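*Asks:* Got a sequence here, can you build the structure:
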Amino acid sequence: MTMVNSMTCEVIGLPKDRIVGRDWFECFIPQEIRTDVRRVLRDLISGRIEPVEYYENPVVRPDGSKLLIAWHNTVTRNASGAITGIMSAGHDVTKVRKTEQDLRHYRDLNEIIQQLIKVGSWEWDQIKQQMTWTEETYRIHGFRPQDVVEGSPEHISRSLKCYDPSDRVLIEGLFKRCCETGESYSHECPFTPANGGRLWIRTIGKAVLENGHVVRVHGHIMDLTEQKQTGVALRQSEERFRTLVESLPDIIMLFDREGRHIYVSGNVETVVDFQVSRFIGKTHRELGFPEQLCRFWEDAIKRVFDSGEPYETEFEHQRQGQRLIFNWRLVPECDAAGEVRSVLSISRDITRMH
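*Replies:* Residues are numbered from 1 along each chain as shown. Have a look, this model is predicted:
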């Protein structure tokens, strides 16, 4: 290393005089990739490969911790044009990539849950005239994402073909009225997937308005076949969902409109000093949580009930002198008429990310 700036010192955790003059690869590149990274640099300087303007690789700090750094590179040349070195500018993307990984986890988890409970989701963008389906929505319809142009209105016509003629006219009318007037709808009927078979489904649509105009329509399609056939299947599905929720690291809660706890996952006991059974039927305020947190939670829950839209934020909680930071996602759960009947809460401990 011949030159570093103050940000490099801050990221590495060493003063400038302990970085400049040292072998970057031996001191700050993980051993498992050290040989490959050194060879790439040697090939760059010799001209055997073309310079790479951007890449990411981990670096090792003196305490053994690793950070993922995104590098932007440019070569330095002498008077004859030969490459003499590389100047790199990097920034720490460790938290960004971790957040992206968590988002992928949430997305994958959502797909798993939808598959388990056989509920697909969709969104129609009224402005862009684009349709988005989840994997479970495709599965219920009996065709693959690659069978239709991504985002195209063809999703609507392909979906309508799965309904019986009488229901097809009704569903098309309900959807159009929702797009035009914002009127929510819910309908149960028989359904024939594109790949055959016979299902019984419920389809729900709820408009999102901005300045009095419909901009999006959110919807669900639920495969009710097993529930129609037997109530046992419904109880089994609920038990599978409960088992899945209880095995998650996230704390899951369900609130009614008054902010009372309808359901709380057992792992809440890892962050409070009383049993989960005390939550049921009570508000945070009745449970004795700090006033400031109670107001924060109440306002957020009311916001989702009033807007019908998901909401995500963060909050801090103290337990036995320990400061915990949570990512908090609130998701509305609607009844057959499209009205919010409860709010699902997903809290994830992100203390280590701060």
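*Asks:* burial count for Gln292?
*Replies:* 9 (other Cβ atoms under 10 Å). C-betas here are computed from N, CA, C, even on glycine.
*Asks:* now Phe255: how far from Cys179?
*Replies:* Here the criterion is Cβ to Cβ, to the nearest Å. By it, Phe255 lies 30 Å from Cys179.
*Asks:* Who has more neighbours out of the two?
*Replies:* Between Phe255 and Cys179, Phe255 has the larger neighbour count (other Cβ under 10 Å), namely 26 against 16.
*Asks:* And the more buried one, how far from His284?
*Replies:* Separation of Phe255 from His284 (Cβ to Cβ): 9 Å.
*Asks:* swap in Asp306?
*Replies:* Asp306 is 18 Å from His284, by Cβ to Cβ.
*Asks:* Show me which of these two is the more surrounded one.
*Replies:* His284 (21 against 11).
*Asks:* quick one: the strands in this protein?
*Replies:* Using DSSP state E, the strands found in the chain span residues 54-60, 66-77, 83-92, 119-125, 130-133, 185-191, 199-210, 213-223, 251-255, 261-264, 311-319, 322-334, 340-349.
*Asks:* For Pro15, which of the ones you listed is the nearest?
*Replies:* strand 54-60 (16.4 Å; Cβ to Cβ).
*Asks:* tell me what that closest one is packed against?
*Replies:* Applying 3 or more Cβ pairs under 8 Å, 6 or more residues apart in numbering; DSSP states H and E, one finds that strand 54-60 contacts helix 24-28, helix 31-46, strand 66-77.
*Asks:* buried residues in the first one?
*Replies:* Of the residues in helix 24-28, those buried by neighbour count under the rule 16 or more other Cβ atoms under 10 Å are 24-25, 28.
*Asks:* just stretch 7-19 next, same as before
*Replies:* For stretch 7-19, by 16+ other Cβ under 10 Å, it's 8-9, 11-12, 14, 19.
*Asks:* coming back round to it: would a markdown table of the buried residues of helix 24-28 with pLDDT and distance to Asp223 be doable?
*Replies:* Shown next, in a markdown table, are the buried residues of helix 24-28 (pLDDT from 0 to 100; distance: Cβ to Cβ, whole Å):
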| residue | pLDDT | distance to Asp223 |
| --- | --- | --- |
| Trp24 | 80 | 57 |
| Phe25 | 82 | 56 |
| Phe28 | 86 | 53 |
